[in-house]
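Student: Model the following, please.
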Amino acid sequence: MNKNEALTKTETYVRQKLEGEGSGHDWWHIHRVRNTALKLAEKEQADLFIVELAALLHDIADHKFHEGDEKIGPATARKWLEHLDVREPVIKHVCDIIGDVSFKGAEVETPMKTVEGKVVQDADRLDALGAIGIARAFAYGGYKERELYNPEVSPEPHHSFEEYKSSIGPTLNHFYEKLFLLKDRMNTDTGRRLAEKRHHFMKEYVNRFLAEWKGND
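Tutor: Got it, this is the predicted structure:
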């Protein structure tokens, strides 16, 4: 199977599986991440085929929806790519990216080994920032039946992936526990530039949210 056919089949597979999902991890998240990753890949001279496959499959079985199982994503991607007869070195590379791409806690390092992994991780993190990032945060919080905000519950600097996965804090805490940290964890110059703008917008939003909460608007 040639590369274009593999990508077309993968897009169809992912879209059918994730379309209409309501937590912010839907097909359109994948679509945005794929497009951003390809733009970054061109600037970073990364392998476009590996980047696109990894971006399309990076949330095919997210641990958040599979009882915290961090191995199910790479395993599901591997099964699909083997079905397409993709070469083993490509499968391994894509699965390694999927296994490492996610944020795993404020005190947990998640370095990417390859330029392809770096651009996919940046693209995924950029979609967690800015106006869309805010919308996705509250969509996920609603999906998990979490409070918008509770001033009696402080954000936690999670020291392990297990702590992060088990967090049940209000959605606004997520900005301090993850989203505000992403700007300084970008891998590429373009990613850092885009993250800076989106980070600033989110900071303004949270300041406004807290002002309205306190009746100081």
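Student: Nearest residue to the residue nearest in space to the middle of the chain in space, please, no chain neighbours.
Tutor: Nearest to the mean C-alpha position of the chain, by CA atoms, centre = their mean, lies residue 124 at 3.9 Å. Spatial nearest neighbour of residue 124, excluding adjacent residues (CB to CB, 6 or more residues apart in numbering): residue 33 at 5.2 Å. Bear in mind the C-beta positions are built from the backbone N, C-alpha and C, glycine included.
Student: per-residue confidence at residue 68?
Tutor: Confidence at residue 68, expressed as pLDDT, is 57.
Student: The protein: helices as residue ranges?
Tutor: 3-18, 27-44, 48-57, 72-83, 88-100, 115-126, 130-143, 161-165, 171-177, 189-213 (DSSP state H).
Student: hang on, the residue nearest to the centre of the chain packs against residue 58?
Tutor: Yes - the pair residue 124 / residue 58 is scored as a contact, 6.1 Å apart, by CB atoms under 8 Å.
Student: tell me, what's touching the two both at once?
Tutor: 33, 101 (CB atoms under 8 Å, 6 or more residues apart in numbering).
Student: Pull out the buried positions in the helix or strand of the chain with the lowest mean pLDDT.
Tutor: Lowest on mean pLDDT, DSSP states H and E among the helices and strands of the chain sits helix 161-165, with a mean of 77. Residues of helix 161-165 classed as buried under the neighbour-count rule (16 or more other CB atoms under 10 Å) are 161, 163-165.
Student: Could you check how far that helix is from the centre of its chain?
Tutor: Remark: helix 161-165 is offset 16 Å from the chain centroid, using CA atoms, centre = their mean, to the nearest Å.
Student: what comes into contact with stretch 18-33?
Tutor: So stretch 18-33 is contacted by 14-15, 55-56, 58-60, 62, 64-65, 120, 123-124, 127, 132, 135-137, 139-140, 143-144 (CB under 8 Å, 6+ apart).
Student: So among those residues, which ones count as buried?
Tutor: By 16+ other CB under 10 Å, the contacts of stretch 18-33 give 14, 55-56, 58-60, 62, 120, 123-124, 127, 132, 136-137, 139-140 as buried.
Student: min pLDDT across these, which one?
Tutor: Out of the buried ones among the contacts of stretch 18-33, that is residue 62, at 72.
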